[in-house]
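**Q** next comes the sequence, and after it the predicted model I'd like to discuss.
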Amino acid sequence: MFATFTAIDIINYLVALLTIGLGVAGWLAPRWTMDQLDMKAGPSNMAYTEVSAASGCLFVGMGLGALAMNEPLGWVIMGFAYAGAAIGRITSIFRDDAASRQSWTFFGCEAALASWLIVANI
């Protein structure tokens, strides 16, 4: 009658809620998100739609999808998405001389979430 939740389930759900929350910020508050990420819009304001899509609803959809599936494969796919973000960030840190406390912190969070989601759910 009552569902039994393991520690893995609880952490997965928390990661999904965090992912959705960050996505909602990017989606509904792109200017604030861009300020936090030290980004600026160009003459066309395309940056706002990019942040709403790529830093916003993409994360909302990813988190909601993993929650809706609630299957190991869904959690692993979300882990691969975070791994892709971590690889992109570390590449940019070195290629673009973009090392900062903020960029290293984001990398660490992405790498940790990727590691958890992949290792805990395979």
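**A** Yep, that arrived.

**Q** how many neighbours does residue 45 have?
**A** Counted with other C-beta atoms under 10 Å, the neighbours of residue 45 add up to 10. C-beta: built from backbone N, CA, C; applies to glycine.

**Q** now do residue 30
**A** Other residues close to residue 30 by other C-beta under 10 Å number 22.

**Q** look at the closest residue to it other than its chain neighbours and tell me its secondary structure.
**A** Among residues not flanking residue 30 along the chain, residue 51 sits closest, at 4.1 Å (C-beta to C-beta, 6 or more residues apart in numbering). Residue 51 falls in the helix class when you classify it by DSSP: H, G, I helix; E, B strand; the rest coil.

**Q** any idea how far the residue nearest to residue 28 when sequence neighbours are not counted lies from residue 48?
**A** In space, residue 28 comes closest to residue 56 once its chain neighbours are excluded; the distance is 7.3 Å by C-beta to C-beta, 6+ apart. Here residue 56 is placed at a distance of 10 Å from residue 48 (C-beta to C-beta, to the nearest Å).

**Q** and for residue 42, the neighbour number?
**A** There are 7 residues near residue 42, going by other C-beta under 10 Å.

**Q** by contact count, what packs against the host helix or strand of residue 107?
**A** Per DSSP states H and E, residue 107 falls inside helix 101-121. Under the contact criterion of 3 or more C-beta pairs under 8 Å, 6 or more residues apart in numbering; DSSP states H and E, helix 101-121 touches helix 7-28, helix 72-95.

**Q** quick one: which of the ones you listed is nearest residue 64?
**A** helix 7-28 (6.4 Å; C-beta to C-beta).

**Q** what's in contact with the closest one?
**A** For helix 7-28, the surrounding residues in contact (C-beta atoms under 8 Å, 6 or more residues apart in numbering) are 32-33, 51-52, 54-64, 66-67, 75, 78, 113, 116-117, 120-121.

**Q** in it, what counts as buried?
**A** Within helix 7-28, the residues that qualify as buried are 12, 13, 15, 16, 19, 20, 22, 23, 25, 26, 27, counting by 16 or more other C-beta atoms under 10 Å.
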